[in-house]
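S.K.: next one to model:
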Amino acid sequence: MANILIVDDDPDIRGVFQEALELLGHCVATACNGLEAIGLLSCDPLPDILLVDVMMPVMDGRELLGRIGAAPRTSGLPVILITGASPDSDDFPNACDYQALITKPFDIWDVAKCVDSLLDDRKPQIDRSSPES
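M.R.: A predicted model of the protein is given here:
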């Protein structure tokens with residue numbers, strides 16, 4: 001299915017995401033902060049989707065998203081923010097830096113549906129308007 005990178009400082013949340021997404025057939029890697037995620041993003045293959053918490057030690061989600069967006073290698077990666085932080089706060093990431101927002105507490109199956117939706121959006125669309133030969 002897809003390669004997914006989960007970035008969250010809470011090991012219980014990483015574990016829940018990892019278990020549920022692997023049950024759905026995805027390959028999952030995890031990082032406990034943005035700096036660790038940057039290290040993983042320097043290797044191949046790149047993930048198809050990132051699930052990122054906002055409030056983390058060492059490097060928070062806002063700084064991570066800034067670095068992802070600034071690097072040509074990673075700037076096109078879709079990001080789902082999973083956070084308990086308020087989108088109204090001054091230090092919340094810009095809406096243009098992520099594709100979806102899920103607030104804590106969350107329903108794990110809502111997260112799975114969001115992942116599937118973003119994966120569907122990335123699939124090349126077949127042009128059905130032209131006749132087949």
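
S.K.: report how many residues lie close to residue 95.
M.R.: 10 (other C-beta atoms under 10 Å). Using the backbone N, CA and C atoms, a C-beta is placed for each residue, glycine as well.

S.K.: quick one: contacts for the most centrally placed residue in the chain?
M.R.: The chain has residue 50 as the residue nearest its centroid, 2.0 Å off, counting by C-alpha atoms, centre = their mean. By C-beta atoms under 8 Å, 6 or more residues apart in numbering, the contact set of residue 50 is 4, 5, 6, 7, 37, 68, 77, 78, 79, 80.

S.K.: mind checking the SS state of it?
M.R.: strand (DSSP: H, G, I helix; E, B strand; the rest coil).

S.K.: list the beta-bridge partners for residue 82.
M.R.: residue 102 (DSSP bridges).

S.K.: look up how far residue 54 lies from residue 81.
M.R.: In this view, residue 81 and residue 54 are 6 Å apart by C-beta to C-beta, to the nearest Å.

S.K.: joint contacts of the two?
M.R.: 61, 93.

S.K.: work out for me the element the closest residue to residue 92 other than its chain neighbours sits within.
M.R.: In space, residue 92 comes closest to residue 85 once its chain neighbours are excluded; the distance is 6.0 Å by C-beta to C-beta, 6 or more residues apart in numbering. Under DSSP states H and E, no helix or strand contains residue 85.

S.K.: number of residues surrounding residue 85?
M.R.: 18.

S.K.: ok, now how distant is it from residue 62?
M.R.: Residue 85 sits 9 Å away from residue 62, going by C-beta to C-beta.

S.K.: can you check residue 11 too?
M.R.: Relative to residue 62, and taking C-beta to C-beta, residue 11 is found at 21 Å.

S.K.: how about residue 5?
M.R.: Remark: distance between residue 5 and residue 62 (C-beta to C-beta) = 17 Å.

S.K.: and if you look at residue 78?
M.R.: On the measure of C-beta to C-beta, residue 78 and residue 62 end up 17 Å apart.

S.K.: all set now, cheers.
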